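Q: Just the structure for this:
(2 chains)
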Amino acid sequence: MALMDLANPTRFLALSGRVLPWLAGAAVLALAIGFLLAFRAPADYQQGETVKIMYIHVPFAWLAMFGYTLLALSAIGILVWRHPLADVSHKALAPIGAVFAFLCLITGSLWGRPMWGTYWVWDARLTSMLVLLLLYLGLLALRSAIEDASQAGRAVAVLTLVGFVNVPIVKFSVDWWNTLHQPASVFRMGGSTIDSSMLWPLMICALGFTLLMLALHMAAMRNEILRRRLRSLEARAAAEAAHA
Amino acid sequence: MLGEHGGFILAAYGVSALALAALALSTLLQGRAVRRRLGELEARGVRRRSARRSPS
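A: Numbers count the residues shown, from 1 in each chain, chains lettered A, B, ... in the order given. Got it, this is the predicted structure:
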């Protein structure tokens, strides 16, 4: 089956209905194994047990950026191919990405207080992540402010692509500027600086949260497709009632 | 077990669990609500054109 064949709402509903339970189950399983390993992993020699926050904070940060990257791809689908499923994907993903960005900031703040002595500092990494959350919220606000659905879709797609410039800024902020935030320690030239006893639980937690985000995205897309069908049926029912 | 900063660790995990559970629950409930309303319309005989053409 060609990829474009799947980009049909009816086919998407049929396929996602079969895949979603497995995706959600795999997410729960990976998270259960990840947390089990994370809470059995040794304490950090400097941070002590506080390093346990890393197993959720780091995946939230990665997924906030991954989510925005998926939004940008959906935005290209809206503007270039004008595909309705791209708009469905964008609309379904924006609130999920916002939650992940919010959780990245909250868990980072709760990690920063005992380690840095402050909940917040206006350094490049923290500020660019806050900008990412504000971009997510801006996309939600813009979509809800425009009544015409197709105009709203194009407007949020343009804003998404303009805002995408912030994603590499978040990623490389710790290299480009002097920040209180530690530099990259997993995906970096020369390999990870994290000991394997902590790296494996981190990667399994990251896999679990990624599967969870994809499952939530798929479920929200199904809801949005059905919501659009419902609106169209309600409009037809109202028109038929007016003619009768 | 969680050391002197255990409160921060529990708060981080607690807020995350609450937010993600709320997101999952809200997605689930929205899905149920829209399916229920679609079912009500179909029961009144309002169907999509493609559904009318193919009764299966």
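Q: So residue A:31 sits against residue A:206, correct?
A: No. Residue A:31 sits out of contact with residue A:206 when judged by C-beta atoms under 8 Å, with a separation of 10.1 Å. Backbone N, C-alpha and C define where each C-beta goes, glycine included.
Q: got the contact list for the closest residue to residue B:28 other than its chain neighbours?
A: Spatial nearest neighbour of residue B:28, chain neighbours left out: residue A:219 (7.4 Å); criterion: C-beta to C-beta, 6 or more residues apart in numbering or on different chains. When the contact criterion is C-beta atoms under 8 Å, 6 or more residues apart in numbering or on different chains, the partners of residue A:219 are A:20, A:24, B:27-28, B:31.
Q: how near is residue A:219 to residue A:89?
A: The gap separating residue A:219 from residue A:89 is 12 Å, by C-beta to C-beta, to the nearest Å.
Q: What of residue A:27?
A: Residue A:27 is 19 Å from residue A:89, by C-beta to C-beta.
Q: Which one of those two is surrounded by more residues?
A: residue A:89 (25 against 20; other C-beta atoms under 10 Å in any protein chain shown).
Q: Leaving out sequence neighbours, find the closest residue to that one.
A: residue A:74 is the one closest to residue A:89 (C-beta to C-beta, 6+ apart), at 4.4 Å.
Q: One more: residue B:3?
A: Using C-beta to C-beta, 6+ apart, the closest residue to residue B:3 is residue A:49 (3.8 Å).
Q: Wait, that neighbour touches residue B:7, no?
A: No. At 11.3 Å, residue A:49 does not count as touching residue B:7 under the criterion of C-beta under 8 Å.
Q: Please identify which of the two sits among more neighbours.
A: residue A:49 (19 against 12).
Q: need the contact list for that one.
A: A:43, B:1-3, B:5-6, B:9.
Q: Buried among these? Make that a PyMOL selection.
A: Remark: buried members of those, expressed as a PyMOL selection using 16 or more other C-beta atoms under 10 Å in any protein chain shown:
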select buried, chain B and resi 2+5+9
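Q: Which ones among the contacts of residue A:49 map onto strands?
A: Assigned to strands by DSSP state E, none of the contacts of residue A:49 qualify.
Q: closest to residue A:226 among the contacts of residue A:49?
A: residue B:9 (39.5 Å; C-beta to C-beta).
Q: can you pull the contacts of the closest one?
A: A:49-50, A:52-53, A:110, B:2.
Q: mind running it again at 7 Å?
A: Taking C-beta atoms under 7 Å, 6 or more residues apart in numbering or on different chains, we find residue B:9 in contact with A:49-50, A:52-53, B:2.
Q: Serialize these to TSV and add fields for secondary structure and distance to residue A:38.
A: Formatted as TSV, the contacts of residue B:9 follow (DSSP: H, G, I helix; E, B strand; the rest coil; distance: C-beta to C-beta, whole Å):
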residue	secondary structure	distance to residue A:38
A:49	helix	11
A:50	helix	13
A:52	helix	6
A:53	helix	10
B:2	coil	12
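Q: Looking at those, spot the one nearest residue A:156.
A: Relative to residue A:156, and with distances defined as C-beta to C-beta, the nearest of these is residue A:53, at 32.5 Å.
Q: was I right about the closest one contacting residue B:12?
A: Yes. The criterion here is C-beta atoms under 7 Å, and residue A:53 meets it with residue B:12 at 4.8 Å.
Q: Can you check which residues contact both of these two?
A: A:107, A:110-111.
Q: and residue A:104, what helix or strand is that in?
A: helix A:84-116 (DSSP states H and E).
Q: Cool, thanks, signing off.
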